[in-house]
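>>> Got a sequence here, can you model it:
(chains A and B)
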Protein chains: 2
Amino acid sequence: MPQTILVFLDPAHPAGRLADSRQPQLFATDLGATRGDGIFESLLALDGRPRKVQAHLDRLASSAELLELELPAAAAWLAAIQTGLAEFAQPEAIVKLLVTRGVEDAGQPTAWVQVAALPESSKALREKGLDVLLLDRGYDSGLAERAPWLLLGAKTLSYAVNMAALRYAHQHDADDVIFTSADGRVLEGPTSSVLIAHRDGAVKRLITTQLDSGILPGTTQGALFAAAKDAGWELGYGPLVPADLFDADAVWLVSSIRLLAPVNRIDGTEINHDAELTAELNALLATIR
Amino acid sequence: MPQTILVFLDPAHPAGRLADSRQPQLFATDLGATRGDGIFESLLALDGRPRKVQAHLDRLASSAELLELELPAAAAWLAAIQTGLAEFAQPEAIVKLLVTRGVEDAGQPTAWVQVAALPESSKALREKGLDVLLLDRGYDSGLAERAPWLLLGAKTLSYAVNMAALRYAHQHDADDVIFTSADGRVLEGPTSSVLIAHRDGAVKRLITTQLDSGILPGTTQGALFAAAKDAGWELGYGPLVPADLFDADAVWLVSSIRLLAPVNRIDGTEINHDAELTAELNALLATIR
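A predicted model of the protein is given here:
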């Protein structure tokens, strides 16, 4: 496996400062490490080109606003990403953008780009499909607007609950999770968006969950919706309840790294799938830059 | 301000490995930094002696169990704490115990002790008292038991929401926050427990919020309750609703570092306070080891 590449954003190094990932690079008093106080993005790069980089920079900016974090300029990110990808020099890579509130009392964020190899498990699940558990996220779907301090809709480094939900799924013979809200709506996966499809004669309808229900707006869902619309699909935006997942002609979890993964079973019950629609959406995904 | 001391728990160094806090000490791929995937405790040390250290080690163990983290033995923590306090050599110190899931794919936690100076602001608020906002935490008070993956009751490094709630309070001319549940119960502060008192003739009653409502069991609340019981107080454990805060003879937020801070105002409304009871509880707190 090629070595992970680190590029710190640093005004003294306009193209980013390369750092050795085999050596400690973060201060132990960084609020990212002690409080999960920061934000991130993960994206895929193919042949040295980051995919949907503007959508990820836009979402990073939106997360920064919710957390009131100062963010380096887009040009600095783009330069650091290019430095990292050139150094990594592999046809496929995961690129992470990370920003923390910085070292305690320093008043300056820590920002870096990490370029690493794609785990094989992630590719395998695209093919094999997913067994999924529905797990209660505890929040009602109207909370995001009422309670901005809960940071719903920000992609923060405080991901312990998402990690715990995935561990819970793995211990219960499942691969992934779909969160539901306290008021019974379908929300999202811990690291993915939920898509369902309906066929009605020649009409194909692609539906995702309601975007203002406190979920993270999916960059891949957004790009795929745009491509599907151009290809003649009808689009819909929830609200969805669990019964809608069982009624659908197909259900997928979609994300920037794993891309489109069909859902085979929910809570142990086999659901409908549609290999033709999966192939069609995969072809659309392949066109996204 | 004296320099922050770091002591890493390391089987090769039974008393802990001292490390320079002015140098980077954490790997950028540590899951503590990239996912907030870890746990911590904060405690006060006076004259080189950590207070209620067993209660903090017990809660750390309970957090570790909820997150399925492997934890170094208590003896290793105690040794590292002593090493850190000896090096810090100040009459007052904040001691933090931190454990992350470690570097990605390394399968080994990162654990360290941090010893640092007590911020002056924290001491000032003990005297001045607090203006507090009630903010919705979004969870209902029965959720912890139903949804273990939400890690309610674990003190995780994923503290971004707690930090955001405090920022929200500061922007709205308040000092601190009391979280309420979706079903209208009083829960806890972002870094403290809620206590209220009632006088009824000679009887003094000390009440905290219901412990099984998804809050973090407070080590200072627990120790103070034990001391108050010995001193003849009656004790109660909620459930409390916001009206109970306005009806009480006094309200405090209590925590390991700031200790007992009286609440002056809630959502801008002045509430009852009782300087005599505050003095009495402070005297009891001073007896806790």
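
>>> Quick one: mean pLDDT over stretch A:8-20.
On average, the pLDDT along stretch A:8-20 is 97.

>>> List the buried residues of it.
By 16 or more other Cβ atoms under 10 Å in any protein chain shown, the buried positions in stretch A:8-20 come out as A:8-10, A:16-19. The C-beta positions use only the backbone N, C-alpha and C, and glycine is treated the same way.

>>> residues in contact with it?
A:5-7, A:25, A:72, A:76-77, A:79-80, A:82-84, A:87, A:110-113, B:28 (Cβ atoms under 8 Å, 6 or more residues apart in numbering or on different chains).

>>> what's the lowest-mean-pLDDT helix or strand in chain A in contact with?
Ranked by mean pLDDT, DSSP states H and E, the weakest helix or strand in chain A is helix A:120-128, scoring a mean of 87. Applying Cβ under 8 Å, 6+ apart, the set of residues contacting helix A:120-128 from outside is A:175-176, A:257-261.

>>> The helix or strand where A:Ile178 lies vs helix A:120-128, what angle?
Here A:Ile178 sits within strand A:176-180, counting by DSSP states H and E. Going by axes from the mean of the first three to the mean of the last three Cα atoms, to 10 degrees, strand A:176-180 is angled at 70 degrees with respect to helix A:120-128.

>>> For strand A:176-180, name the packing helices and strands.
Judged by 3 or more Cβ pairs under 8 Å, 6 or more residues apart in numbering or on different chains; DSSP states H and E, the packing partners of strand A:176-180 are strand A:130-136, helix A:160-171.

>>> That strand: what's the following helix or strand?
That would be, after strand A:176-180 and using DSSP H and E, strand A:193-200.

>>> Okay, now the sheet partners of that following strand, with direction.
strand A:203-208 (antiparallel), strand A:250-255 (antiparallel) (DSSP bridges).

>>> what's the average pLDDT for stretch A:203-211?
Stretch A:203-211 shows a mean pLDDT of 95.

>>> List the contacts of it.
Contact with stretch A:203-211 is made by A:141, A:185-188, A:193-199, A:215, A:217-218, A:221, A:224-225, A:228, A:232-240, A:244, A:248, A:277, A:281, as judged by Cβ under 8 Å, 6+ apart.

>>> ok, and for it, which residues are buried?
Buried residues in stretch A:203-211 (16+ other Cβ under 10 Å): A:204-211.

>>> centre of the chain versus that stretch, how much separation?
Distance, stretch centre to chain centre, for stretch A:203-211: 18 Å (Cα atoms, centre = their mean, to the nearest Å).

>>> Let's see that stretch as CSV, backbone CA atoms only.
Only the C-alpha atoms of stretch A:203-211 are listed here, as CSV (Å, rounded to 0.1, in the frame of the first residue of the first chain):
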residue,chain,number,x,y,z
VAL,A,203,-40.8,6.6,-16.4
LYS,A,204,-37.9,6.3,-14.0
ARG,A,205,-38.0,8.2,-10.7
LEU,A,206,-35.0,8.8,-8.5
ILE,A,207,-35.8,9.9,-4.9
THR,A,208,-33.6,11.0,-2.0
THR,A,209,-34.5,12.0,1.5
GLN,A,210,-35.8,15.4,2.4
LEU,A,211,-32.8,17.8,2.3
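
>>> hmm, back to that, export the contacts of helix A:120-128 to JSON lines and append columns for neighbour count and pLDDT.
As requested, the contacts of helix A:120-128 are exported to JSON lines (neighbours: other Cβ atoms under 10 Å in any protein chain shown; pLDDT from 0 to 100):
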{"residue": "A:Asp175", "neighbour count": "20", "pLDDT": "97"}
{"residue": "A:Asp176", "neighbour count": "22", "pLDDT": "98"}
{"residue": "A:Ile257", "neighbour count": "18", "pLDDT": "95"}
{"residue": "A:Arg258", "neighbour count": "23", "pLDDT": "94"}
{"residue": "A:Leu259", "neighbour count": "23", "pLDDT": "96"}
{"residue": "A:Leu260", "neighbour count": "20", "pLDDT": "97"}
{"residue": "A:Ala261", "neighbour count": "25", "pLDDT": "97"}
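
>>> Just name the closest of the residues you listed to chain B, please.
Lowest distance from chain B to the contacts of helix A:120-128 (Cβ to the nearest Cβ) belongs to A:Asp176, with 12.7 Å.

>>> Could you double-check that that closest one lies in contact with A:Leu134?
No - using Cβ atoms under 8 Å, A:Asp176 makes no contact with A:Leu134, being 10.8 Å away.
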